[in-house]
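# just a sequence and a predicted model for now, questions to come.
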Amino acid sequence: MLQDIKYTSPETIADAAALLGEYGEDATVMSGGQSLMPMLRQRLADYELLIDINEVADRDYLRVDDDELRIGCLVRHTDVANSDTVAESCETLAETAAEIGDTQVRNRGTLCGALAHADPAGDPPVVATALDAEIKSQGPDGEHTYDGSSFFHGFYETELGENEIVTEASFPVVEPPYGAAYQKYEPSAGAYPTATVAAVVELDDSVVTDATLVTGAIEPGPTPMPEAEAHLAGETPTEDLVTTTAELVGDGSDPMEDSDGSVEFKREITKTLAKRALVTAIDRAGGDIE
Amino acid sequence: MSGSDTVTIEVTLNDRSLEETVPARTLLSEFLRDHEHLTGTHRGCETAKCGACTVLLDGDPVKSCNMLAAQVDGKELTTVEGLMDGDELHPVQEAFWNEHGMQCGFCTPGFVVSSAALLEEKEDPTIPEIQDHLAGNICRCTGYTKIIESVQEAADMQQEER
């Protein structure tokens, strides 16, 4: 049984933000609720008021405008996974969404909710960091925009100001000469991943001009790997270069040891994931590994 | 506008329209079992892992322990009790019966509901598609082989009917 709680389902984001402003820490916003409900059930969180934003109109859009894939805050993981628009403009995001939790969780959970929640083992924050998604929010004082690459601070912390609601996430359209990929290892189907890696590369005449490598789940939040990125940039991809870059991703990481694995195990699995992600990203960017 | 301690919901439950006022904290699984006495929806893990409480919300499988009853206002809900057509079992129910797609039976309603939704989407799912779709349902007796055979049998039955 759930603790006593008040419930409301405002019809506009402005109303929801105003309520958040009024109640402060005593209220929270619910979209898919797939992380929030278990937290309430297990008494890890306690609120006086639940503000359910599912009744807000026109927030389930998913479209490409000006080379940006824009996703409204009520778009479910299932919608992202099954959308032709996403498959064509940002394949990596569609693949990521298809592998979150399980069918029932994907039918309720939202992409923007996962970004706002910022679970250290969540998948969308890692991809949003690597692709530098733009995250829009609305608070009692108006709208704000954040860069995905610097939005996450680890352990459920983000740049999001007090009483702000994430209203939209937009991702760049990824096509050659850019390529992206996301790889994860999960101990069982539907479980949170033990380790993840997102890779984004830009090629110019088969030379890597820019590379972004971000790990997830092993540290408190999405973690860029600058040493590995610098190792790859300016080079022509070879089997050896991809392997040494992936090793730098693993060796450069600082994993937390827990029941999912030791520091050594997480570093090793991260190397494997980094290699797989890099190979796919380079291929998608139109490159060859010599 | 501010929150309230009780909510009035209008919902179409297994093709029956109803309106009820419940405490705001009422979980959907609690509403179905304790208020509507539809005890086919089982409560297992209560933390959104096992899938025994799966119901269809506007046709999509969701875990009813992980939602509030308040959130189904204006929606259409189907529980395992609503899958039958009069006295006739749903093809998935019949196939689970024929193939014995269960051991202790506790997880069965969730598997049946999830499988029925899969066959609405895909007429002839492959084994990996069935496994992927049912990953949110756990059978602690580990009777997965017979469950997957049951879904395949149900797909065959549905195709023959068409």
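That came in fine, so what should we check first?
# show me which residues of the longest helix along chain B are buried.
In chain B, with assignment by DSSP state H, the single longest helix is helix B:144-161. The neighbour-count check on helix B:144-161 (16 or more other C-beta atoms under 10 Å in any protein chain shown) flags B:Tyr144, B:Ile147, B:Ile148, B:Glu149, B:Ser150, B:Val151, B:Gln152, B:Glu153, B:Ala154, B:Ala155, B:Met157, B:Gln158 as buried. Heads up, the C-betas are built off the backbone N, CA and C, glycines and all.
# pLDDT and distance to A:Val126 for these - can I get that in JSON lines?
Putting the buried residues of helix B:144-161 into JSON lines (pLDDT from 0 to 100; distance: C-beta to C-beta, whole Å) gives the following:
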{"residue": "B:Tyr144", "pLDDT": "96", "distance to A:Val126": "30"}
{"residue": "B:Ile147", "pLDDT": "98", "distance to A:Val126": "33"}
{"residue": "B:Ile148", "pLDDT": "98", "distance to A:Val126": "32"}
{"residue": "B:Glu149", "pLDDT": "98", "distance to A:Val126": "37"}
{"residue": "B:Ser150", "pLDDT": "98", "distance to A:Val126": "37"}
{"residue": "B:Val151", "pLDDT": "98", "distance to A:Val126": "33"}
{"residue": "B:Gln152", "pLDDT": "98", "distance to A:Val126": "36"}
{"residue": "B:Glu153", "pLDDT": "97", "distance to A:Val126": "40"}
{"residue": "B:Ala154", "pLDDT": "98", "distance to A:Val126": "38"}
{"residue": "B:Ala155", "pLDDT": "98", "distance to A:Val126": "36"}
{"residue": "B:Met157", "pLDDT": "95", "distance to A:Val126": "43"}
{"residue": "B:Gln158", "pLDDT": "92", "distance to A:Val126": "40"}
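# B:Asp73 - nearest residue in space that isn't next to it in sequence?
Distance criterion C-beta to C-beta, 6 or more residues apart in numbering or on different chains; nearest residue to B:Asp73, sequence neighbours excluded, is B:Ile9 at 4.3 Å.
# following the chain onward from the helix or strand harbouring the one you found, which element is next?
In the assignment (DSSP states H and E), B:Ile9 maps to strand B:6-13. Per DSSP H and E, the first helix or strand lying C-terminal to strand B:6-13 is strand B:16-23.
# what pLDDT, on average, does that following strand get?
Regarding strand B:16-23, the rounded mean pLDDT is 97.
# quickly run through the sheet partners of it, with directions.
Strand B:16-23 pairs in its sheet with strand B:6-13 (antiparallel), by DSSP bridges.
# ok now the partner strand, how far from the chain's centre?
Centre-to-centre, strand B:6-13 and its host chain are 19 Å apart (C-alpha atoms, centre = their mean, to the nearest Å).
# now do the buried residues in that strand.
B:Val7, B:Ile9, B:Val11, B:Thr12, B:Leu13.
# what is the neighbour count of A:Asp65?
9 (other C-beta atoms under 10 Å in any protein chain shown).
# got it, and the one 3 residues further on?
The number of residues packed near A:Glu68 is 17, by other C-beta under 10 Å.
# next: A:Lys184.
Using other C-beta under 10 Å, A:Lys184 has 23 neighbouring residues.
# thought it was touching A:Ile218?
No - judged on C-beta atoms under 8 Å, A:Lys184 makes no contact with A:Ile218 at a distance of 10.8 Å.
# list residues touching both of these two?
Both A:Lys184 and A:Ile218 are contacted by A:Ala195, under the criterion C-beta atoms under 8 Å, 6 or more residues apart in numbering or on different chains.
# extract the C-alpha set from the strand holding B:Ile9 and format it as CSV.
Taking C-alpha atoms only, strand B:6-13 is exported to CSV below (Å, rounded to 0.1, in the frame of the first residue of the first chain):
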residue,chain,number,x,y,z
THR,B,6,-9.6,11.2,-3.3
VAL,B,7,-10.0,10.8,-7.0
THR,B,8,-13.1,9.9,-9.1
ILE,B,9,-12.3,7.8,-12.1
GLU,B,10,-14.3,6.8,-15.0
VAL,B,11,-12.9,3.8,-16.8
THR,B,12,-14.0,1.2,-19.2
LEU,B,13,-13.0,-2.0,-17.5
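# good, wrapping up.
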